[in-house]
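In: Would you be able to build a 3D model of this:
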Amino acid sequence: MRKVVITGLGAVTPIGNNVSSTWEAAKQGVCGIAPITHYDTETHKVKLAAEVKDFPLEDYFTKAEARKLDDFCIYALAAAKEAFEDSGLDMETEDSGRCGIIFSSGIGGISTIQRETLRGQEKGFDRISPHFIPMAIVNMAAGHLAIKYGFQGICTSVVTACASGTNAIGDAFRQIKDGYHDVMMCGGSEASITELGIGGFTSMNALHFGDDPNRASIPFDKERSGFVMGEGAGVLVLEEYEHAKKRGAHIYCEIVGYGSTCDANHVTAPISDGSMAAKCMQKAMEEAKVQPKEVNYINAHGTSTVLNDKSETLAVKTAFGDAADKLMISSTKSMTGHLLGASGAVEAILTALSVQQDTVLPTINYQVSDEECDLDIVPNTMRKATVNVAMSNSLGFGGHNASIVLKKCE
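Out: The predicted model follows:
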């Protein structure tokens, strides 16, 4: 079994258009939630979202290129450019057949689907864009990354709703650990802040309906009432340790464990006792060969929904036992909103930096304590603390649970 390390990071998020600006904003507790600008919300219940802001499209694409890409692919390609350059990889010296991609999206090109459906109804469906299908399908972000960087190994897309990004990273980790690949690009991207995307979650009563950005995404707060939609992308470059060491790559940390389970219980609701999410965390720790007491920090799924935060708290208590009281656990969705299939990727990046820099990010805008969510959620202010081992959790509709364990690289 081979050692797997992270050598490249790239991000486009509601609080920054690259990794460094996202990290600095997260440390400062910046809230990326604001009134929706992508469309007119006058007749809509939901007024707030965590949009990507001031994205420099012209730095990455010509207008002609951008017209052929859905936003979820645009964000993926932008984040991948940063991650690839950060890794320092030179494809002229790499075996492209041992470089692979596992990259996810929960929904894919929903803005393209909405636009072309309306166009088809108006002008006839034989007159919709010839780029419609490749702009809409979920796997196309992975395909674009492979084409851009010449990765000719595995190229696939995991679709497990809000667990997609973490499953992509975990599956990529296994590809290297088990010897199939030396380099993997992985992560997730999402761009679902559209009338159709927001409307679908609104009709489920899953979203927060208020108009105060500072009381919208409030994980573990007793007044939480639903999540806030976010958008963006996170990309990580993983490598086999000796491969990275040989070329003198910068190493952020090591990935040492991955767990994946399913509640097999309900289409949207988690099991109330969090038992299968707990099993997922336990599996990740078992593979990592770490004891619960060795884990310093968890970047929680922490969606700000009543059911998720309560059941995830129970899951942590079940998985960690007495060690749960000493854990630091925070939800960065309080700042970024919920990026659906990209959330696990962005949160893995933030967790990797927490390990590297011994910094625990806060759960911001926390005001009202909840006796059913009584762990140390690092309220409102970041904390400098030793983080030798950290975990990142993602839980998705359909009962999908995914956890990864990161560790300082010795």
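In: Distance check, C373 against R247.
Out: C373 is 45 Å from R247, where distance means CB to CB, to the nearest Å. Bear in mind the C-beta positions are built from the backbone N, C-alpha and C, glycine included.
In: More neighbours: which of these two?
Out: Ranked by neighbour count (other CB atoms under 10 Å), C373 and R247 place C373 first, with 21 against 15.
In: who's in contact with the nearest residue to that one once chain neighbours are set aside?
Out: Distances taken as CB to CB, 6 or more residues apart in numbering put F220 closest to C373, at 4.1 Å, once the chain neighbours are dropped. With contact taken as CB atoms under 8 Å, 6 or more residues apart in numbering, F220 is in contact with 302, 309, 313, 331, 363, 366, 370, 373, 375, 377.
In: again, 10 Å this time
Out: Listed by CB atoms under 10 Å, 6 or more residues apart in numbering, the contact partners of F220 are 300, 302, 304, 308-310, 312-313, 329-331, 334, 363, 366, 368-370, 372-375, 377, 379.
In: and if you look at L361?
Out: 23, 26-29, 297, 299, 328, 330-332, 334-335, 347, 350-351, 353-354, 378, 381-383.
In: And the helices in this structure, which stretches?
Out: Assigned by DSSP state H, the chain shows helices spanning 19-28, 63-66, 71-87, 110-123, 132-136, 140-149, 164-177, 195-203, 241-246, 275-288, 306-320, 333-336, 343-357.
In: Most tightly packed of those?
Out: Neighbour counts (mean count of other CB atoms under 10 Å) averaged over each of the helices of the chain peak at helix 333-336, with a mean of 30.
In: My read is that I218 contacts M335, right?
Out: No. Using CB atoms under 10 Å, I218 is not in contact with M335; the gap is 11.2 Å.
In: what's the overlap in contacts for the two?
Out: Listed contacts common to I218 and M335 are 363-365; contacts here mean CB under 10 Å, 6+ apart.
In: Quick check: the spatially closest residue to T261 that is not a sequence neighbour vs A319, distance?
Out: Among residues not flanking T261 along the chain, C280 sits closest, at 4.2 Å (CB to CB, 6+ apart). Per CB to CB, C280 is found 8 Å from A319.
In: next one: I147
Out: Using CB to CB, one obtains 40 Å as the distance from I147 to A319.
In: what are the ranges of the strands in the stretch 151-300 of the chain?
Out: 155-156, 183-190, 232-240, 253-262, 297-299 (DSSP state E, counting those that start in this stretch).
In: Can you tell me which of the ones you listed is most buried?
Out: Highest mean neighbour count among the strands of the stretch 151-300 of the chain (mean count of other CB under 10 Å): strand 183-190, with a mean of 33.
In: What average pLDDT does that one get?
Out: Strand 183-190 carries an average pLDDT of 98.
In: Distance to A34 for the strands of the stretch 151-300 of the chain - can I get that in a markdown table?
Out: Output for these, formatted as a markdown table (distance: least, CB to CB, whole Å):
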| stretch | distance to A34 |
| --- | --- |
| strand 155-156 | 35 |
| strand 183-190 | 18 |
| strand 232-240 | 14 |
| strand 253-262 | 32 |
| strand 297-299 | 23 |
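In: mind checking which of those strands is nearest A80?
Out: Using CB to CB as the measure, strand 232-240 is the one of those that comes nearest A80, at 4.6 Å.
In: Report the angle between the closest one and helix 343-357.
Out: 60 degrees (axes from the mean of the first three to the mean of the last three CA atoms, to 10 degrees).
In: and strand 232-240, which strands flank it?
Out: Paired strands of strand 232-240, with direction, are strand 4-12 (antiparallel), strand 183-190 (antiparallel) (DSSP bridges).
In: Break the protein down into its structural domains.
Out: Here the domain parsing of the chain from automatic domain parsing is 4-246, 259-407.
In: In JSON lines: these, plus distance to C253.
Out: Shown next, in JSON lines, are those (distance: least, CB to CB, whole Å):
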{"stretch": "domain 4-246", "distance to C253": "6"}
{"stretch": "domain 259-407", "distance to C253": "4"}
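In: so who does E116 touch?
Out: E116 makes contact with 109, 125, 127-129, 131-133, 135-136, according to CB under 10 Å, 6+ apart.
In: Pick out whichever of the shared contacts of I218 and M335 sits closest to L395.
Out: T363 (16.6 Å).
In: May I have the beta-bridge partners of the closest one?
Out: P379.
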